[in-house]
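1. Sequence and predicted structure are below.
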Amino acid sequence: MTSKLIQSATRMPRDSNQTIRKVSLGDITANTILVFLFVVITVPFIWSAIASFQTPHDFVSGKGFLPSEWTLTNYKKVFTDIPMTRMIANGVFIAGTASIGGVFASAIAAFCLAKVNFKGRALYLSIVILTMMIPPAVLLIPFYTIMYALSLIDTPWALILPHLTGSAFAIFFLRQHMLTIPHELHEAATMDGCSIASILFRIYLPLVKGPMSVLIILNFMIHWNDLLGPLIYLNSVEQMTPTAGLSFFRGQFASEYPVLLAGSIVCIVPTTIVFLLFNRQIRQGLLISGLK
Amino acid sequence: MKKLKTILKDQSKTRRSFLKSTLVVGAGGAALSLFPGLTARAEAVSGTIRYSNWIGGPGDIEMWKNVIAAFEAVNPGTKIEYEPVGWTEYWTKLNTQFASRSAPDIIGFQMQSRTWGVEGRFEPLSEPFADLLDDIVSSQLKVTQAPIAGGIEQYGLPFRMVGASLFGNISAMKAAGIEYPSEDWSIDDFVAAAKRLTNADQWGTAVTGGPVDLNQASTFGARPTTLDYSTATFNSPEYTEFIKWQHDLIYKHKVAPPPADLSAQKEPFSSGAVAMFPSASWMYPGYREIENFEWDILPDPIGSHEPKTYAGPDNLGITTDSKNKDLAIAFLRFVFTRASQTEISSTGMPVVIDYLLDESRIAKEAASGPSNYGYFVKGAIERGEGYAFAPPFFEILGHIGDAYALIMNEESADIDGILANANSRIQQALDA
Amino acid sequence: MSEVLNIKSPKRTVFWLLVFLFPPTIGLGLVYYSAAQGLTMGFTNWNIISAPKWIGLKNFEQIWNDYRFWLAVSNTLFIVLVTVPAQIGLGLLAAVLLHRIKGKTSSILRFVYFYPTTCSVVALGLMWMFIYDSGGLLNQGLEFVGLESVRWLGYGNALLSVCVLIIWTGFGYISLIYVAGLAAIPEQYYEAAHLDGANSWQQFFYITLPMLTPTTFFLIVVTTIGAMQTFGQVYIINGRADSTLTIVQYIYEKAFTQFSMGYAAALSWILISFILILTVIQVRLQRYWVSYDI
């Protein structure tokens, strides 16, 4: 009985041959599972959002699910206790520059590693991939010393510059993509005597626009959510990013939890907007993934 | 009040005889340097320094901004860059900065001066502050003192104190027909009261497991380490008795909840969940917002020994990375002026003795609550004690917390075994 | 097969090659220089405050006898063994079910499932800490249906609760990757199999799964490396008595709260070796089950 259920649930659709499908038991099971997952994901967010509208008094006395009075004080505090608007601007600038610049640098490097044959190419690639296994804690102090020597501490550039050199994941990912692009595409170009620079910029980069967009968006989110980086490399409150700014509400003895929740939601909003706007690109970017 | 002053000053006099320098600078000595607007040394300071501290609770940031603004107003041409950091991230950041010798000029810290100062990362302060040391509660100065050849050296100075008390829900006590206890009420009286206060909606008391425990642990003669921080005494007969007593509160008398059942969302006392709660002065700002019931500090119940009051300082020190030590010293001296100490006392207790004992100040604090604030001040001064403030303080706190989690959440826990385990680990930390 | 270029003017090629690879090389230099510096500390007793002193392999000896290290190892391995299969399994299930639906609903569902990945680990940890709280959402729900509340973050349960959080956050991302993989399987295979009389179950096992093996392999490798470095979630949801201590968390604690940089660096060596060994084993094993062309 169960296997039949699973069977119908996992049946590959063949809609091209049928216009109407009967609603089978398998369909119901499948949809139930999907709805269950939907609920499981959304409920925690909704619950936290509701809690963020509670007065601190209500929160502390644990009145339960619904607050007795809805208030915006927590959100007000997020924007008044710390210069949140300025922090959001900082965050957008840092995350945006680092992700766009970084993905471009990665794409260029990926091209070299995919399409140009040079001695030591495999070795170079391995060195790049190996960096993914180094725990960041090890790098923290040496990196800081370098940034300090360059007088970049307490400037956004301390957070941007290291990423402008490209990231291992992006290089790896884009390389896989470029490998699936046929050779013939540029053979004609080389016959015309084009340099590899123009081949890269005129042919390959436009072709990997999709995966590049995906990476830019994903990297934007990673940089936006980065906590330790801004905390360590930035000193003054005005330079902080939103995620780091939230830690101001986590005191040694007393944390203002409702404000923290409200702040977390404020931090989530920009990435949600970015995600909504670029949802399509993300799906398409993953589609032509060379992961086969 | 005079007696207290003598106690406090005598202790510092004996200590001071060890100091090489006996300078007292400025006309009129110590007293004048505490008046707002007057600096004992009339040198002009200028420049910019960085000051970093962690955030203890809401109100800390505001407080420092005010102190800094006052300083900059009196000293034009100076700028103090204030860099607050959340508690957990503060140490990570400090670590990175120390490693690259780029630490802020002034930093907040706790008991690390014993190693950091001796290793040359903190400026010695005995000399530049010689005239002020007498006026600071000496038990609080001890934490930032380190032994050096020929005596001891002050590597940091406390800027405020915090301390523990037993807080009581007066309304609940009245409802249960319990009178406000006399100062010599016993541990058994306490348990009896807790029993009458425990009902379906609230617990009589709660078990914590940290510095605030000291007030009750001390009545059993228990402390986590010896006073010189060399030996762990976490599983001494006294401490074992204390822990078993706490365990009984939960499982035998049923007047306290297992800690895992206390919600992290609700502060146990202000939500009315616990009627008699061991807590500390850093909770005053939060407790002052309680609207549902009357509250106050209760006297510490007495057991086989006299109860001590947990009182510990938060300190400031000048790092040797500083490039403008004159300005740093000037700012630090400013922290001890009456005006600054008034500002700081909004988040803790001042450390300047005169101000600490000032009747009008005590009355003012008592008016905002707790009414019995005077009892707490007296306790902190007369019977104040630190808590395992050895250099591996956080590690020790972790081991104690772990032991509590294992013991207090199980009805039949191997208390002796767990304590022995924790004790050997604390000893290891102390030996390292 | 990777194709290579056949350029007419090699000199200019070399020039451009150097230019293009310049930024990444700087980055690599930065990383490896820092890593070398950081890791060399593993052979010293550096504690930030005083100058480092060479002590050879003493740190490693200490680690071998350190009960907390072994706790961290067992916790981390537990997390890997629980979350990696669960995330991949759940992600695959979701992807397969999503694949049947087209259009708007599918789009919305995919967005929702992926959403937690876009949030900061710290924010999610905070959120779930309150959900797991003794008065939080889960216990409120249990009480509502008349069941007893559970100590989700208690000593015995904390690690599993953290695993649930990790799975909850990650399966959406994995399902998206699988959806892409599923879409790439040509329809004809299914039609041919159907003509041969294969039922859906058999189609799934003999067509879908094998064709997804490269994707699955990639996901296993990447998810394992990630799980071995679990930090953010346990940093926020701090289980008592080291019940949720992970290796990276222990490194962080030793380095930044106890200032034992030398010890922390030695721990990092061990972590890197673990990850390397695991990855190499996975790569070696792939020939037994991963098929790149059909």
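-> Here it is on my side, so go on.

2. Which residues are in contact with whichever residue of the stretch 151-292 of chain A sits closest to chain B?
-> The stretch 151-292 of chain A approaches chain B most closely through residue A:247 (3.4 Å), counting by C-beta to the nearest C-beta. To be clear about C-beta, it is placed using only N, CA and C from the backbone, and glycine gets the same treatment. Residue A:247 makes contacts with A:227, A:231, B:85-86, B:88-89, as judged by C-beta atoms under 8 Å, 6 or more residues apart in numbering or on different chains.

3. try 6 Å
-> For residue A:247, the contact set (C-beta atoms under 6 Å, 6 or more residues apart in numbering or on different chains) comprises B:86, B:89.

4. So it, which state does it fall into?
-> When classified by DSSP: H, G, I helix; E, B strand; the rest coil, residue A:247 comes out as helix.

5. Low-confidence stretches in the chain?
-> Reading this off chain A. A:1-23, A:56-68, A:186, A:188-193, A:250-256, A:281-292 (pLDDT under 70).

6. should've been chain C
-> Along chain C, segments meeting pLDDT under 70 span C:1-9, C:292-294.

7. Apply 50 and report the result again.
-> Scanning chain C for pLDDT under 50 picks out C:1-3, C:294.

8. now the helices for it?
-> Listed in chain order, the helices of chain C (DSSP state H) span residues C:10-40, C:58-64, C:67-100, C:104-114, C:121-131, C:137-144, C:158-183, C:187-195, C:200-203, C:209-228, C:232-236, C:247-252, C:261-289.

9. Among those helices, which comes closest to residue B:126?
-> With C-beta to C-beta, the closest approach to residue B:126 among those belongs to helix C:261-289: 30.2 Å.

10. Give me the contacts around stretch C:116-132.
-> Stretch C:116-132 is contacted from outside by A:44, A:48, A:221, A:225, A:227, A:243, A:264, A:268, A:271, A:275, C:136-138, C:152-153, C:161, C:165, C:169, C:172-173, C:232-233, C:236-237, using C-beta under 6 Å, 6+ apart.

11. err, stretch B:206-222, not the other one
-> B:164, B:238-239, B:241-242, B:246, B:256, B:268, B:274, B:277-278, B:280, B:300, B:302-303, B:305, B:307-308, B:310, B:387, B:401, B:404, B:408.

12. Distance from the chain centre to it, please.
-> With C-alpha atoms, centre = their mean, to the nearest Å as the basis, stretch B:206-222 stands 14 Å off its chain's centre.

13. do the same with stretch C:90-101
-> Stretch C:90-101 has its C-alpha centroid displaced from the chain centroid by 21 Å (C-alpha atoms, centre = their mean).

14. likewise stretch C:18-35?
-> In terms of C-alpha atoms, centre = their mean, the centre of stretch C:18-35 is set 25 Å apart from its chain centre.

15. Check whether that stretch comes into contact with chain B.
-> No - judged by C-beta under 6 Å from any C-beta of the partner chain, stretch C:18-35 makes no contact with chain B; its nearest approach is 12.3 Å.

16. Sort out which residues of that stretch are buried, please.
-> C:20-21, C:23-28, C:30-31, C:34-35 (16 or more other C-beta atoms under 10 Å in any protein chain shown).

17. Residues of the stretch 201-350 of chain B that sit close to chain C?
-> Contact residues, the stretch 201-350 of chain B versus chain C (C-beta under 6 Å from any C-beta): B:260-261, B:263-265.

18. which residues does the residue in the stretch 1-150 of chain C that chain A sits nearest to contact?
-> Proximity to chain A, evaluated over the stretch 1-150 of chain C using C-beta to the nearest C-beta, is greatest for residue C:27 at 2.7 Å. Going by C-beta under 6 Å, 6+ apart, residue C:27 touches A:165-166.

19. Let's see that with 10 Å instead.
-> A:102, A:105-106, A:109, A:128, A:131, A:161-168, A:171 (C-beta atoms under 10 Å, 6 or more residues apart in numbering or on different chains).

20. can you name the two of those that are farthest apart?
-> Based on C-beta to C-beta, the longest span within the contacts of residue C:27 runs between A:128 and A:161 and measures 18.3 Å.

21. Of these two, which one has the most company?
-> Between residue A:128 and residue A:161, residue A:128 has the larger neighbour count (other C-beta atoms under 10 Å in any protein chain shown), namely 25 against 19.

22. I'd like to know how far the more buried one sits from residue A:98.
-> Going from residue A:128 to residue A:98 by C-beta to C-beta, to the nearest Å gives 18 Å.

23. what's the answer for residue C:97, then?
-> Per C-beta to C-beta, residue C:97 is found 36 Å from residue A:98.

24. Residue B:325 too?
-> 38 Å.

25. Packing partners of the helix or strand harbouring residue B:140?
-> Per DSSP states H and E: residue B:140 is located in helix B:138-141. Helix B:138-141 sits against helix B:2-16, strand B:157-169, strand B:309-318, helix B:373-382, strand B:384-385, with contacts defined as 3 or more C-beta pairs under 10 Å, 6 or more residues apart in numbering or on different chains; DSSP states H and E.

26. Compare those and say which comes out lowest on pLDDT.
-> Of all these, the minimum mean pLDDT falls on helix B:2-16 (a mean of 45).

27. Enumerate every residue touching residue A:128.
-> Neighbouring residues of residue A:128 by C-beta under 10 Å, 6+ apart: A:106, A:109-110, A:113, A:166-169, A:171-172, A:175, C:24-25, C:27-28, C:31.

28. make it 7 Å
-> Residues near residue A:128 by C-beta atoms under 7 Å, 6 or more residues apart in numbering or on different chains: A:168, A:171, C:28.

29. Residue A:110 is in contact with the second one, correct?
-> In this case it means residue A:171. Yes - Residue A:171 is within contact range of residue A:110, at 5.0 Å (criterion: C-beta atoms under 7 Å).

30. Look at the spatially closest residue to residue B:377 that is not a sequence neighbour and tell me its secondary structure.
-> Spatial nearest neighbour of residue B:377, excluding adjacent residues (C-beta to C-beta, 6 or more residues apart in numbering or on different chains): residue B:362 at 6.0 Å. Three-state call for residue B:362 (three-state DSSP): helix.

31. What's the separation between residue B:362 and chain C?
-> 37 Å (C-beta to the nearest C-beta, to the nearest Å).

32. re the thing from before, helix or strand next in line after the helix holding residue B:140, which one?
-> Next along from helix B:138-141, by DSSP H and E: strand B:145-148.

33. Report all helices and strands that that following strand contacts.
-> For strand B:145-148, the elements it packs on are strand B:151-154, judged by 3 or more C-beta pairs under 7 Å, 6 or more residues apart in numbering or on different chains; DSSP states H and E.

34. Quick one: list the elements packing against the strand it packs on.
-> strand B:145-148.
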